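Participant: prediction below, plus the sequence it came from.
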Amino acid sequence: MRAAFQPENELERELAADPEVARGLAWGEPRSSHPEGTVGAHVADLLRTIESWGETEPRRGELRFLAILHDTLKYRVRDWLPKVGENHHATRARRLAEHYTTDERLLAAIEQHDRPYAIWRRTRRHSARERRAVDRLVRRVPDLSLFLRFVELDGSSEAKNPEPIAWLRAELGRRGLLG
């Protein structure tokens, strides 16, 4: 397999040298939400998208870090257990990211990156349950602008449904939380 990413700085060189990251990037087969196959192929797609967006530093580096780590520990999820808490790939990815940063904006974005889709999929529009779930999400994410941009990035492939992202943007807008 071609390398998922070419390290651009010392942090990325450390990530590229981490055997846990390497195992995670090599994991995966084509499936409906990820027809590209491996996590590494997904990461490579996201990094190309960041380039096409013309993101500048420091946002570019933050998005690259998130892209590289967000799905890397999917291979460690135990399918016979509920995919929640410590058995959710995003929680596991956060734990790995904690070895590389203490920036809660980045850690929360990794940990919560699939939460908007889960809320959108499981709730009825404009229900009290949905409002409470979004309230909890907003309290957990210190940088909503970065978080939304990463959710947009992760959902940018043609295989992903754009409705959850539009819903999240509208919810944050209704609450006056978009800059």
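Facilitator: Ah, there it is. Numbering: from 1, shown residues only.
Participant: state the distance from the closest residue to Trp53 other than its chain neighbours to Asp45.
Facilitator: Distance criterion Cβ to Cβ, 6 or more residues apart in numbering; nearest residue to Trp53, sequence neighbours excluded, is Leu153 at 8.0 Å. C-betas here are computed from N, CA, C, even on glycine. Counting by Cβ to Cβ, to the nearest Å, the separation of Leu153 from Asp45 is 10 Å.
Participant: okay, the two: which has more neighbours?
Facilitator: Applying other Cβ atoms under 10 Å to Leu153 and Asp45 shows that Leu153 carries more neighbours, namely 22 against 16.
Participant: follow-up on the earlier one: between Leu153 and Asp45, which contacts overlap?
Facilitator: When contacts are counted by Cβ atoms under 8 Å, 6 or more residues apart in numbering, Leu153 and Asp45 have no shared neighbour.
Participant: show me the shaky parts of the chain.
Facilitator: Within the chain, the segments meeting pLDDT under 70 span 1-3, 30-35, 77-78, 80-85, 87-88, 124.
Participant: one more time with 50, if that's ok
Facilitator: 1, 81 (pLDDT under 50).
Participant: related to what we said a few turns ago, list of residues touching the host helix or strand of the residue nearest to Trp53?
Facilitator: Per DSSP states H and E, Leu153 falls inside helix 144-154. The contact list for helix 144-154 (Cβ under 8 Å, 6+ apart) reads 46, 49-50, 53, 59, 62-63, 66-67, 70, 105-106, 108-109, 112-113, 116, 138, 141, 160, 165, 168-169, 172, 177-179.
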